[in-house]
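In: Got a predicted structure plus its sequence, pasted below:
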Amino acid sequence: MKINIRIGALSFSLKFSINASLMNAPTSTVVVPDTTDECSDQSATILPAMAQTIHRNLAELVDLGSGQNGKTEVLRRVQVSIIDYVRQLQSGRPLLSPKDEKYLAIFFSSLARERGARAADVESFEVYEAGEIANAMFQSPVFSMMCVDGRINPTLVFGMIARMNGGVKETPAGDTNDFANAVSGGVILLPKSSTSELMSAAFEKYDGINQVLDSHLACAAREKHSVALGEPIADHGLMRDVLRKRDMANAMRRRVELHHPGKKVTPMQISYDPHEGHLFMGLETEQALQAAREGGSGFTEEVLADLTQRGAILHTKALIENTPEIRDAFLAAFRGFRSTHDWKEQYRFTALQFWKAIQTMRPILLPIIIEKLTADTGPFSEGLPDAELEDRATLLLSAAFNGYCNNGGPEPRHFEFADHKETFVQVSKRDFRPCRNMGFSVDSTDLANLSANVEFASTIVRANRSTKRVEAPAEYSAESFAAAPVGVTIKEIVTSEVSEEQWEVLNRIDWTFLQKLPATQDWTMLTKGGFIEELATQNAGISIDLALALNNLREMMAALYDNRQGCRELLTSGKLVALPMLTDKNRRFRLIVPFFLKGFPDADV
């Protein structure tokens, strides 16, 4: 096989003897990543998608691990494992066409490199320092419930970063059936639900938490639900969602009062607009809801504009435009940046300069924002506890400045994240986005709804392809790419410290035992204890933390293969391709585990 290598203007060729079925071509071009690039694009990841033989031959010639913080060999191993995994899916009854096989190997390898570079950012001095600065500004850590929408995450909304306390749960519309109607009326948070357990885990560390509930504008999931109920959708279901989140907030308060004495949850509702990168606060108040009801159409653009003009709700964009002190402070801070404000490409530098700027502006601007929150015509004119007011104002300040910077500062440009451009689905806990490859993020703790949530997100990935919001690779037409497999990364994050020796133990396991289990007791049917016993027969040196993490990953994959759910058919027909993995605490891909099924065992006839 002939490989053309191009490093800038320098070109040369190498020849290898290798199975080229993956690439389906006698000649391929390798584009070596620029060593300054922290989140490589797809064109820079053809080389990592090659087989291990190419890695060995090129290892001394080029640096495949730029931006990997000394984890180049980890990246190489994972990328080879990805190729092996995709090929295993082709054993027996092939699930993929050669073109789809090539696409997925390249795409998943691209994600491995990109997430490795982001893990290096997370480990940097800049992000550590930024996290310390940011954490010191909040009375209580901020946890969020947000939509799976790839344009919406705590970093793009508030500038929240990896080293900040708190967390996020991402579900369609930022909602979950963990909240149910009570016999006596109202809504309750169900015991033993994933939301309830996440809150309990938070209270093991903190006496109080802030809980952000987002009702984002133009939510496809909420609009679909409103249409199904025959309700007016002039505001795309926004008012209905605000009311739903208010019920959820009350349910969380009641659960904490009953089951967590001495602890406190402070719900804070927002409505983020992913088309412009700014948010509203105060839509859940009676005066705002009354205005929405009077018009008969909910929170339309006209109603939101009128409420903002009256000061009854706060809009971060209007705060900047209508408050000279805020506008001038933002301009001075933005012009003082040493690096371009760019969460995708300059994460570590953006994090540090952003939170240093907030730290400088906060003493001057916080009193102004608090005054607007509690003005006679403001959303909280009756007043709020001092700690809550301070944290609300800090969130508004960070959201306003982040929106300002994300839109180009004093020279506004088209908001980069205004359009859906998600290319895949990820199942994970809190992730450290955005990166160049945008994806929908589905909460990994909600096993009961995992399949439905992944299936829903995958339909929007296909819509992105069919509407050409996502460019098709050269091998596909727009139409054929819309029908190509959607990649899904399934992440179990190992938050404890794991030595390289322990990772090596996992890498030595022969995972083919998973496919050799009897059909009547395949890996999806095992109990936790049964799986750990099977694991012990392969290698007795695995720590209990890693064994439990592997079982959590198995349970996620089993939930997707549940024959009562739609994802099973999509997975066994190759329309969805899930990549199950363990990551380290910084979300670096560490181990690919072949939890897959081809379908039901053939019946006796």
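Out: Okay, I see it. The shown structure was predicted, so the numbers you read here are calculated from the model rather than taken from an experiment.

In: low-scoring stretches of the stretch 451-600 of the chain, by residue?
Out: For the stretch 451-600 of the chain, the stretches with pLDDT under 70 are 539-540, 600.

In: the helices in it, which residues?
Out: Assigned by DSSP state H, counting those that start in this stretch, the helices in the stretch 451-600 of the chain fall at 478-482, 500-508, 528-538, 544-560, 567-572.

In: and what of the stretch 1-150 of the chain?
Out: With DSSP H, counting those that start in this stretch as the criterion, the stretch 1-150 of the chain has helices spanning 52-58, 72-88, 98-122, 125-135.

In: okay, those in a markdown table with mean pLDDT, mean neighbour count and distance to Pro363 next?
Out: For the C-beta atoms, the positions are set from N, CA and C on the backbone; glycine is no exception. Formatted as a markdown table, the helices of the stretch 1-150 of the chain follow (pLDDT from 0 to 100; neighbours: other CB atoms under 10 Å; distance: least, CB to CB, whole Å):
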| stretch | mean pLDDT | mean neighbour count | distance to Pro363 |
| --- | --- | --- | --- |
| helix 52-58 | 35 | 16 | 53 |
| helix 72-88 | 92 | 21 | 43 |
| helix 98-122 | 95 | 24 | 29 |
| helix 125-135 | 98 | 19 | 14 |
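
In: For the ones you listed, give me TSV that also has distance to Glu411.
Out: Output for the helices of the stretch 1-150 of the chain, formatted as TSV (distance: least, CB to CB, whole Å):
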stretch	distance to Glu411
helix 52-58	42
helix 72-88	37
helix 98-122	26
helix 125-135	25
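
In: With respect to Lys372, which of the ones you listed lies nearest?
Out: helix 125-135 (22.5 Å; CB to CB).

In: Only C-alpha atoms, please: export the closest one in PDB.
Out: Output in PDB follows, covering the C-alpha atoms of helix 125-135 (Å, rounded to 0.1, in the frame of the first residue of the first chain):
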ATOM      1  CA  PHE A 125      -2.400  25.200  34.700                       C
ATOM      2  CA  GLU A 126      -4.700  27.700  33.000                       C
ATOM      3  CA  VAL A 127      -7.900  25.600  33.600                       C
ATOM      4  CA  TYR A 128      -6.900  24.800  37.200                       C
ATOM      5  CA  GLU A 129      -6.400  28.500  38.000                       C
ATOM      6  CA  ALA A 130      -9.600  29.500  36.200                       C
ATOM      7  CA  GLY A 131     -11.500  26.900  38.100                       C
ATOM      8  CA  GLU A 132     -10.200  28.200  41.500                       C
ATOM      9  CA  ILE A 133     -11.200  31.800  40.500                       C
ATOM     10  CA  ALA A 134     -14.700  30.800  39.300                       C
ATOM     11  CA  ASN A 135     -15.500  28.500  42.300                       C
END
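
In: Could you say which one of the helices of the stretch 451-600 of the chain comes nearest to Ala457?
Out: Per CB to CB, nearest to Ala457 of those: helix 567-572, 10.8 Å.

In: got a list of contacts for that closest one?
Out: Helix 567-572 is contacted from outside by 95, 451, 454-455, 458, 560-562, 575-578, 596-599, using CB atoms under 8 Å, 6 or more residues apart in numbering.

In: And those residues, which is closest to Glu123?
Out: Taking these together and measuring to Glu123 by CB to CB, the closest member is Ala578, at 27.5 Å.

In: on that earlier part again, out of the helices of the stretch 1-150 of the chain, the one nearest Asp273 is which?
Out: Here helix 125-135 is closest among these (CB to CB), at 23.3 Å.

In: now Leu238, nearest residue through space, not along the chain?
Out: What sits nearest to Leu238 in space, not counting adjacent residues and going by CB to CB, 6 or more residues apart in numbering, is Phe299, at 4.5 Å.

In: In terms of helices and strands, where is Ile209?
Out: Under the criterion of DSSP states H and E, Ile209 resides in strand 208-214.

In: Okay, now the sheet partners of that strand, with direction.
Out: strand 142-146 (parallel), strand 264-273 (parallel) (DSSP bridges).

In: Tell me who's in contact with Ser194.
Out: Lys169, Thr176, Asp178, Asp443, Thr445, Asp446, Leu447, Ala448.

In: related to what we said a few turns ago, okay, the helices of the stretch 451-600 of the chain in CSV with distance to Ile209 and mean neighbour count next?
Out: Compiled in CSV, the helices of the stretch 451-600 of the chain are given as follows (distance: least, CB to CB, whole Å; neighbours: other CB atoms under 10 Å):
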stretch, distance to Ile209, mean neighbour count
helix 478-482, 42, 15
helix 500-508, 32, 14
helix 528-538, 29, 14
helix 544-560, 23, 20
helix 567-572, 32, 20
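
In: about what we covered before: and the contacts of helix 567-572, which are buried?
Out: Among the contacts of helix 567-572, those that count as buried by neighbour count (16 or more other CB atoms under 10 Å) are 95, 451, 454-455, 458, 560-561, 575-578, 596-598.

In: Work out the gap between stretch 299-309 and the centre of the chain.
Out: The chain centre lies 30 Å from the centre of stretch 299-309; the measure is CA atoms, centre = their mean, to the nearest Å.

In: quick one: contacts of the strand holding Ile209?
Out: Contacts of strand 208-214 (CB under 8 Å, 6+ apart): 138-147, 152, 157, 166, 174, 199, 202-203, 245, 248-249, 252, 263-272, 387-388, 391, 395.

In: rerun that using 6 Å as the cut-off
Out: 140-146, 174, 202, 245, 249, 264-270, 272, 391 (CB atoms under 6 Å, 6 or more residues apart in numbering).

In: Perfect, that will be all.
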